[in-house]
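**Q** Below: sequence and its predicted model.
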Amino acid sequence: MTTNPQVAPVPRTREQRQADTLAMLRSPVRDVWVATASVADDGTAVPYLVPLSLAWLDDRVVLALDATSRTGRNVLATGTARLSLGGTRDVVMIDAVLERSVRVAEAPPELAEGYAAQADWDPRPGGEHDVYLVLHPRRVQAWREVDEIAGRTLMRDGEWL
């Protein structure tokens, strides 16, 4: 029996979407698009988007980057970021707030080793301005197709629904 590639699978339940989302976050060598913004001298918003490696540790997103980079400066100044994982037909969007920033050179072993193990990259030999940004998810949305849009919010105000 052959299947029609034009037929979309049935929509996932909220529980299945949450399980898929957590599996994606916990998977090794996971990259994420990080969107931030700053305000220009004329008052206009200046958006910025970069790919970074992430680790999911203790229900937090952990990024490692140079604190003086545009993304580092933006997150440290605004305390917020929007993250996107997956492709356009299986996306996870996370609105997160900065919980803490830890200089890589001063990071506790569980943070540094946990990040290196999952991200498959160790920033510890890096520069003096490198930091771990520990982000607390406030809203998580996940969907594949239009039939999952209605129930896409899986976390609100930092709590799984």
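**A** It's in. Numbers count the residues shown, from 1 in each chain.
**Q** mind listing what's buried in the biggest helix by length in the chain?
**A** When the chain is parsed with DSSP state H, its longest helix is helix 14-26. Neighbour-count burial for helix 14-26 flags 14, 17, 18, 20, 21, 22, 24, 25 (criterion: 16 or more other C-beta atoms under 10 Å). C-beta: built from backbone N, CA, C; applies to glycine.
**Q** which residues touch the residue sitting nearest the centre point of the chain?
**A** Nearest to the geometric centre of the chain sits residue 83, at 4.1 Å (C-alpha atoms, centre = their mean). When contacts are counted by C-beta atoms under 8 Å, 6 or more residues apart in numbering, residue 83 touches 32, 33, 34, 35, 54, 61, 93, 94, 95, 96, 135.
**Q** tell me which residues of the strand or helix carrying the first one are tucked away?
**A** In other words, residue 32. Element membership for residue 32 (DSSP states H and E) is strand 30-39. Within strand 30-39, the residues that count as buried by 16+ other C-beta under 10 Å are 30, 32, 34, 35, 36.
**Q** that older thread, look at the residue nearest to the centre of the chain and give its secondary structure.
**A** strand (DSSP: H, G, I helix; E, B strand; the rest coil).
**Q** beta partners for it?
**A** Bridge pairing for residue 83 (DSSP bridges) gives the partners residue 34, residue 94.
**Q** From residue 18, how far out is it?
**A** Distance of residue 83 to residue 18, given as C-beta to C-beta, to the nearest Å: 16 Å.
**Q** about what we covered before: just checking, next helix/strand downstream of the strand holding residue 32?
**A** Next element after strand 30-39 (DSSP H and E): strand 45-57.
**Q** Name every strand pairing with that next one and say which way it goes.
**A** Strand pairing for strand 45-57, using DSSP bridges, gives strand 30-39 (antiparallel), strand 60-66 (antiparallel).
**Q** how far out from the middle of the chain is stretch 86-98?
**A** On the basis of C-alpha atoms, centre = their mean, to the nearest Å, stretch 86-98 sits 6 Å off its chain's mean C-alpha point.
**Q** can you pull the buried residues of it?
**A** 86, 91, 92, 93, 94, 95, 96, 98.
**Q** May I ask which helix or strand encompasses the last one?
**A** When you say that, I think you mean residue 98. strand 90-103.
**Q** Please apply the same query to residue 117.
**A** Residue 117 is part of helix 109-119 when elements are defined by DSSP H and E.
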